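**Q** predicted coordinates and the sequence they were generated for:
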Amino acid sequence: MLPLPAFEWVSPGSLDELVRALGESPGESLLLAGGTDLLPNMKHGLFAPRRVIGLRRVRELRGIAETPAGGLVIGGGAPLDRVATDPRVMARYPALARAAGLVASPQIRRMGTIGGNLCLETRCVYYNQTAFWRGALGGCLKKDGPTCFVVPQGRRCVAAMSADTPAPLIAYGASVELVSVRGTRTLPVAKLFAGDGVKNNVRAADEVLTKVELPPPAERLFSAYEKVRSRAAIDFPLLSIAAAAVLDAGGHVVELTVVVGALGALPRVVRGLEITRAAPLSREAIDLVAEAAHTQCNPLSSLGAEDWRKDIVAPVVRRALAGLAPSRIAG
Ligand SMILES: Cc1cc2nc3c(=O)[nH]c(=O)nc-3n(C[C@H](O)[C@H](O)[C@H](O)COP(=O)(O)OP(=O)(O)OC[C@H]3O[C@@H](n4cnc5c(N)ncnc54)[C@H](O)[C@@H]3O)c2cc1C
């Protein structure tokens, strides 16, 4: 049994109180939403914050509401099982509902939140270990040491962003709101992430992720999410693919976005898909997209099985594009 380190517990009852509490000691405080990632990491000795600030009592963070234009705003503290089963999310953003519904297990989805999922620590086989295990090896670049055991000559940590919801959120063009005592800023989910596994998001230590906003789905928007994991239950993705396509009435591509997750510190948007525009999403077009993704994606051994993960990029992209489900605005 791994004990938790001692910490001061703060449980604000409103967003105002929360932001003030975080602003008082940003470098020494960590936010705890569902705690499904933070608490195991603290038990592994990866963090020892002086203060832990709980989000559970902050009601402003938990809702899911419509925007006047027909989009949705999801509170940063909304549990994943609510996101997965909300009829509006299921109808308008089926890939997000599916991704949220594939996280871990029912118990973890009931505790874990979308904000925690977006701010999830990066993962690596050399990092997500007990202090004893890591100590035997000498500590890695992300924690305790100068060396990356995945890329020994590398200067940057290559631990992977292994959360399920960022890829579909990026595919839908979602944005997040970050609030601190200094003010409020909004940025696209794609811009939330940075390419260094030591800290793969641009959230400042005094900022809380308060909401995720999804734009209204375009007419004839189709989307899909595919996840590959070692076990069919309770496992992080080894590879994830989100796809969103707007097709015209004749089935021709107006816009196509494919996002690949769990390869490196940030989700990767596949480049060069303009070649599919104005043509039907035929088997040949899907093959071109799959080939582009395969060429651009280079998994590393931070999550293991890198050769196999590279090999399956193209077939999983094909599966995602073959399974595009329509968004329905009603619901
Ligand atoms: C056995 C197991 C299996 C798992 N499988 C998966 C999986 O398949 N897919 C997956 O994506 N995840 C998985 N997870 C990880 C985790 O359960 C989820 O990612 C969950 O969404 C994390 O949310 P949380 O609310 O519990 O985050 P927490 O653990 O509370 O927090 C995670 C991080 O986010 C920060 N944070 C939380 N909320 C906010 C906020 N509103 N603003 C700013 N920072 C914030 C915290 O400070 C912390 O750094 C798994 C975990 C376990 C234990």
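**A** Yep, that arrived. Residues are numbered from 1 along each chain as shown.

**Q** return the residues of this structure in contact with the ligand.
**A** 30-38, 40, 55, 76-77, 80, 103-104, 108, 111-113, 115-117, 119-121, 163-164, 203, 208-209, 234-236 (C-beta under 6 Å from any ligand atom). To be clear about C-beta, it is placed using only N, CA and C from the backbone, and glycine gets the same treatment.

**Q** and for Val208, the neighbour number?
**A** 25 (other C-beta atoms under 10 Å).

**Q** my bad, should have said Asp307
**A** 9.

**Q** same question, Leu96
**A** 30.

**Q** does it belong to a helix, a strand or coil?
**A** At Leu96 the chain is in helix, as set by DSSP: H, G, I helix; E, B strand; the rest coil.

**Q** pLDDT score assigned to the residue lying closest to it once chain neighbours are set aside?
**A** Closest residue to Leu96 apart from its sequence neighbours, by C-beta to C-beta, 6 or more residues apart in numbering: Pro168 at 4.5 Å. Per-residue confidence (pLDDT) for Pro168: 98.

**Q** make 25 the starting number, not 1.
**A** All right, first residue 25 from here; so that's Pro192.

**Q** now Gln153. Nearest residue, chain neighbours left out?
**A** Nearest one to Gln153, counting by C-beta to C-beta, 6+ apart, is His68 at 6.7 Å.

**Q** tell me the spacing between Ala102 and Pro239.
**A** 18 Å (C-beta to C-beta, to the nearest Å).

**Q** ditto for Arg179
**A** 37 Å.

**Q** Ala124 now?
**A** In terms of C-beta to C-beta, Ala124 sits 18 Å off from Pro239.

**Q** neighbour count for these two, which is higher?
**A** Comparing Ala124 with Pro239 by neighbour count (other C-beta under 10 Å), the higher total belongs to Ala124, at 28 against 14.

**Q** okay, now Ala242: neighbour count?
**A** Counted with other C-beta under 10 Å, residues neighbouring Ala242 total 17.

**Q** which element, helix or strand, includes it?
**A** Secondary structure assignment for Ala242, by DSSP states H and E: no helix or strand.

**Q** hmm, back to that, of the residues of the chain next to the ligand, select the buried ones using a PyMOL command.
**A** To isolate the buried subset of the residues of the chain next to the ligand in PyMOL, counting by 16 or more other C-beta atoms under 10 Å, use the following:
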select buried, resi 54+55+56+57+58+59+60+61+62+79+100+101+104+127+128+132+135+136+137+139+140+141+143+144+145+187+188+227+232+233+259+260
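
**Q** per-residue confidence for the residue nearest to Thr60 when sequence neighbours are not counted?
**A** The shortest distance from Thr60 to any non-neighbouring residue, by C-beta to C-beta, 6+ apart, is to Gly136 (4.4 Å). At Gly136, the model reports a pLDDT of 98.

**Q** Gly136: what's it in contact with?
**A** Applying C-beta atoms under 8 Å, 6 or more residues apart in numbering, we find Gly136 in contact with 57-58, 60-61, 103-104, 127-128.

**Q** contacts for stretch 156-169, please.
**A** Stretch 156-169 has contacts (C-beta under 8 Å, 6+ apart) with 69-70, 146, 148, 150-151, 171-173, 178, 180-181, 183, 221-222.

**Q** buried ones among these?
**A** Buried among the contacts of stretch 156-169 by 16+ other C-beta under 10 Å: 69-70, 146, 148, 150-151, 172-173, 181, 183, 221.

**Q** TSV for those, including secondary structure and pLDDT?
**A** Output for the buried ones among the contacts of stretch 156-169, formatted as TSV (DSSP: H, G, I helix; E, B strand; the rest coil; pLDDT from 0 to 100):
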residue	secondary structure	pLDDT
Gly69	coil	93
Leu70	coil	94
Thr146	coil	94
Cys148	coil	93
Tyr150	coil	92
Tyr151	coil	92
Cys172	coil	89
Phe173	coil	90
Cys181	coil	90
Ala183	coil	92
Gly221	coil	90
